[in-house]
Each structure stands twice: as C-alpha cells, then as structure tokens.
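**Q** fold the following, please.
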Amino acid sequence: MSTMHPRLRTPLCDLLGIDYPIVQTGMGWVAGPRLTSATSNAGALGILASATMDFEQLRSSLTEVKSRTSKPFGVNLRADSADVNDRISLMIDEGVKVASFAQAPKPDLIARLKDAGLVVIPSIGAKRHAEKVLEWGVDAVLVQGGEGGGHTGAVPTTVLLPQVVDAVQGRIPVIAAGGFFDGRGLVAALAYGASGVAMGTRFLLTSDSSVPQQVKDYYLTKGVLDTVVSTQVDGVPHRVLRTELVDQLESGRARALALPRAAINALRFKRLTGTPISEMLREGLAMRKSLELTWAQMVMAANTPMLLKASLVDGKTESGVMASGQVVGVIDDLPTCAELIERIIDEASRTLESLTGATHR
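**A** Now for the predicted structure:
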C-alpha cells in the first residue's frame with residue numbers, strides 16, 4: 001500500500017482505534033467471525049452480526065473472532081431482544097470495542113455501554129433520528145441512504161448525509177452508508193462532512209465472506225437496476241435482489257401462500273435462535289400497529305431471517321431473499337478484505353492528491 005493521504009486519518013479512526021475510516025456492516029448470516037476478523041485485520045472495523053445468533057452462538061463467535069484478530073471489532077445488536085442485557089454483559093467481559101444497532105437503543109442501554117467503555121453507534125435514516133440519539137449520548141451515527149441494501153429509506157445518500165452532518169454539527173463522527181464501494185466514494189463522503197464510510201454489499205462480495213460461492217456468482221451477474229425496494233418481504237422497505245420469488249411477492253401471486261409459509265419459517269427461526277414465541281408475537285404485533293401491516297406481512301417480518309438464510313447460508317437463490325445495495329451492479333470481483341481495503345485507500349489517496357494538486361508526504 002502506498003502512503004495514505006493524511007486527510008484519510010479521521011476522527012472515526014481515533015474513536016475506534018482503526019487505521020482506515022472504513023466499516024463493514026453487521027449483516028445477518030453474512031458478517032460472521034471470518035469476515036469480521038478479516039476486516040479488522042486489514043485495518044478497518046469489522047462488525048459481527050448477532051441478531052441471527054442465539055446467546056451461546058454469540059459467545060462462541062466472540063471467542064473465534066478474538067482467536068483470529070487482536071484488532072478492534074464490533075457487535076451488532078437488536079436493542080429490543082429479550083436478552084440484550086445479557087449480551088451486553090458478555091460483550092463487556094470479552095472486551096468488545098463497539099456496539100452497533102440497526103435501531104437506536106434507549107438511553108439507559110447507551111449509558112451502560114458507555115460506562116463500560118464501549119463505543120455506541122446506531123444506524124439512522126433521518127435527520128430527526130440523528131438529533132434524538134445525539135442527545136441520548138451516542139458516540140457516532142451510521143446514516144444509510146436509499147441506495148443501501150436491506151432495510152432502507154427513500155432518501156438518497158447524497159441528500160440525507162449532508163442533512164445529518166449539519167444536524168450533529170461536528171459533535172460526533174458521521175459514518176456514511178448506501179452506495180459506497182471504492183476510494184472515490186470515500187473521498188466524496190469526506191467532502192460531505194462524513195468521517196468514514198460503511199459498506200455491506202461490497203464486503204459480502206469478498207473472498208473472506210462465508211456466503212456460498214454460487215450465491216456470490218449470482219450477485220456478480222446483477223446490474224444497478226436489478227434490485228428492488230419491496231415492502232412485501234417483511235412489511236417495511238427492504239432493498240433486495242430482484243428474483244422470481246420477490247417478483248411473485250410484489251405482484252401478489254404468492255400472497256395466498258405467504259401466511260402459512262411465513263408461519264413455518266418463523267417457527268424455524270425460533271428453533272435456531274431460541275427466540276421465545278411470545279417475543280416474536282410481541283414484536284410482530286408492535287410492527288403491525290406502527291406500520292399498519294397485514295397479518296401476512298406481520299408474520300413475514302418474523303420469517304424474513306429464514307428467507308435470508310435460505311440464500312446467504314444454504315445457497316438457495318431460487319427460494320430465498322438476498323439483501324443488496326445498488327452497488328451490486330458495479331462490483332465485478334471477489335477480493336480479500338485486505339485487497340479491497342488497500343485498493344480503496346490507494347484510490348482515495350490518489351483522488352485527494354489530484355484534487356489538491358500536490359503530493360502528500
């Protein structure tokens with residue numbers, strides 16, 4: 001790797017104790033110990049996805065990550081999981097550096113994590129959310145624009161990011177997500193005022209990712225128009241690859257079977273993770289009320305992890321759901337995490353040099 005441009009050493013690097021302002025997102029079924037540790041070993045921040053793990057799986061995964069890397073890493077949590085406090089205790093005991101959340105935790109959880117020395121980073125999708133969690137005391141925010149994969153909003157990164165940067169007024173680092181895959185994007189995010197970028201699809205499509213090869217090959221055939229934001233998967237906007245199953249869900253042809261299929265998959269997920277049926281029903285009813293879901297969508301929300309597992313773990317592209325950002329259409333290789341990060345930093349350094357007209361020393 002050539003000498004890194006000094007502008008790439010951002011406050012996010014200092015906050016997290018990492019070399020480069022790059023974060024690998026905590027993708028369920030994807031961000032396991034191998035990918036997490038490979039990312040951290042390469043100088044970025046790897047985040048272990050724990051929402052699809054039961055408690056003992058999380059414990060063993062933490063042990064494996066720590067056997068593979070001595071660098072800082074994070075764990076992605078569900079703030080509303082029944083055993084979230086037990087998971088936090090485990091993370092504290094294991095010396096985890098970062099706690100990330102898809103939905104913001106309440107102030108009491110934030111305070112407990114911060115008191116134990118963990119860095120708290122929730123994902124947010126609106127300016128008002130950034131303002132709220134800033135007052136709750138989080139250490140940084142990850143803001144994902146509509147280009148991103150998985151659960152996403154309607155506002156593009158180029159519009160949402162500057163709003164959030166202005167809202168936090170430099171008090172905490174902002175991590176930009178949604179549409180990033182190379183060094184040019186990293187420089188663009190910094191120009192908007194972000195302190196780094198987070199990537200999901202780009203890390204999924206590395207040789208260090210545990211996603212089956214045939215699924216990665218399937219992703220590599222897709223273009224920038226081959227994703228769709230569907231509410232038929234689990235009731236909320238979810239950017240996924242356009243497949244025959246997703247098209248059926250969107251058209252209504254598969255809705256007659258959606259409820260029984262979803263109920264079966266929800267039970268399978270319960271067995272895999274140990275999630276109590278009462279907890280799944282409570283969550284589903286809350287989503288039904290807040291999002292005005294149909295009964296089928298409510299149960300589909302509980303069964304979505306199994307639809308993702310079918311593809312991302314079992315390799316069944318025809319019967320699963322594959323979360324994906326639009327950047328899938330501009331990715332054509334499967335580098336190691338180390339190769340990917342070196343490429344991004346080198347390109348970002350060259351881009352900054354060309355913009356400033358001077359070579360850094």
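**Q** three-state assignment of residue 234?
**A** At residue 234 the chain is in coil, as set by DSSP: H, G, I helix; E, B strand; the rest coil.
**Q** burial of it, as a residue count?
**A** Residues near residue 234, counting by other CB atoms under 10 Å, number 26. Using the backbone N, CA and C atoms, a C-beta is placed for each residue, glycine as well.
**Q** what's the spacing between it and residue 26?
**A** Using CB to CB, to the nearest Å, residue 234 is found at 18 Å from residue 26.
**Q** do residue 241 as well
**A** Where residue 26 is concerned, residue 241 sits at a distance of 20 Å (CB to CB).
**Q** now swap in residue 181 and tell me
**A** 18 Å.
**Q** between the two, who's got more neighbours?
**A** Neighbour tally, residue 181 and residue 26, criterion other CB under 10 Å: the higher count belongs to residue 26, 26 against 21.
**Q** where does the residue lying closest to the more buried one once chain neighbours are set aside fall, secondary structure wise?
**A** Of all residues not flanking residue 26 in the chain, residue 76 sits nearest, at 2.7 Å (CB to CB, 6 or more residues apart in numbering). Element membership for residue 76 (DSSP states H and E) is strand 73-77.
**Q** what about that strand, distance to the chain center?
**A** 10 Å (CA atoms, centre = their mean, to the nearest Å).
**Q** how many residues are close by the nearest residue to residue 95 once chain neighbours are set aside?
**A** Excluding the flanking residues, the one nearest residue 95 by CB to CB, 6+ apart is residue 66, at 7.9 Å. Using other CB under 10 Å, residue 66 has 15 other residues around it.
**Q** who's in contact with the spatially closest residue to residue 29 that is not a sequence neighbour?
**A** Once flanking residues are discounted, residue 29 sits nearest to residue 312: 4.3 Å by CB to CB, 6+ apart. By CB atoms under 8 Å, 6 or more residues apart in numbering, the residues touching residue 312 are 29, 30, 211, 212, 215, 320, 322.
**Q** thought the fifth one was touching residue 315?
**A** Yes: the criterion here is CB atoms under 8 Å, and residue 215 meets it with residue 315 at 5.5 Å.
**Q** when these two are compared, which one has more neighbours?
**A** residue 215 (22 against 15).
**Q** now residue 310: which helix or strand?
**A** helix 295-312.
**Q** so after that helix, what's the next helix or strand?
**A** helix 337-356.
**Q** buried set for that next one?
**A** 337-338, 340-342, 344-352 (16 or more other CB atoms under 10 Å).
**Q** same check, this time on stretch 67-85
**A** Buried, per 16+ other CB under 10 Å, within stretch 67-85: 68-69, 71-78, 81, 83-84.
**Q** which among those residues gets closest to residue 307?
**A** Proximity of the buried residues of stretch 67-85 to residue 307 (CB to CB) peaks at residue 78, which lies at 17.6 Å.
**Q** surely residue 146 touches residue 153?
**A** Yes: the pair formed by residue 146 and residue 153 meets the contact definition of CB under 8 Å, at 5.5 Å.
**Q** and for the two, which residues touch both?
**A** residue 160.
**Q** so which residue is dead centre in the protein?
**A** By CA atoms, centre = their mean, the chain has its centre lying nearest to residue 25, at 3.4 Å.
**Q** what's the nearest residue to it if we skip its chain neighbours?
**A** residue 200 (4.2 Å).
**Q** check residue 145 too.
**A** residue 157 is the one closest to residue 145 (CB to CB, 6+ apart), at 2.8 Å.
**Q** next, count neighbours for that neighbour.
**A** 25.
**Q** and residue 24, by the same measure?
**A** Residue 24: 32 neighbours (other CB under 10 Å).
**Q** report the contact partners of it.
**A** Residue 24 neighbours (CB under 8 Å, 6+ apart): 31, 35-36, 39, 44-47, 198-200, 203, 337.
**Q** residue 133 too?
**A** Applying CB under 8 Å, 6+ apart, the residues near residue 133 are 104, 122, 124, 141.
**Q** need these in TSV (columns: secondary structure, neighbour count and pLDDT).
**A** Below are the contacts of residue 133 laid out as TSV (DSSP: H, G, I helix; E, B strand; the rest coil; neighbours: other CB atoms under 10 Å; pLDDT from 0 to 100):
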residue	secondary structure	neighbour count	pLDDT
104	coil	20	90
122	strand	25	98
124	strand	27	95
141	strand	23	98
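**Q** now these in CSV, please, with extra columns for distance to residue 173.
**A** Listed next are the contacts of residue 133 as CSV, based on distance: CB to CB, whole Å:
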residue, distance to residue 173
104, 16
122, 13
124, 13
141, 8
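**Q** buried sites along stretch 111-129?
**A** The neighbour-count check on stretch 111-129 (16+ other CB under 10 Å) flags 112, 113, 118, 119, 120, 121, 122, 123, 124, 125, 127, 129 as buried.
**Q** outside of it, which residues touch it?
**A** Residues contacting stretch 111-129 (CB under 8 Å, 6+ apart): 15-16, 74, 85, 88, 91-92, 96-105, 110, 130, 133, 137-144, 152-153, 155, 160, 163-164, 166-167, 175, 177.
**Q** mind listing which of those residues are in strands?
**A** 74, 98, 99, 100, 101, 141, 142, 143, 144, 175, 177 (DSSP state E).
**Q** between these, which is closest to residue 246?
**A** Nearest member of those to residue 246, counting by CB to CB, is residue 144, at 20.2 Å.
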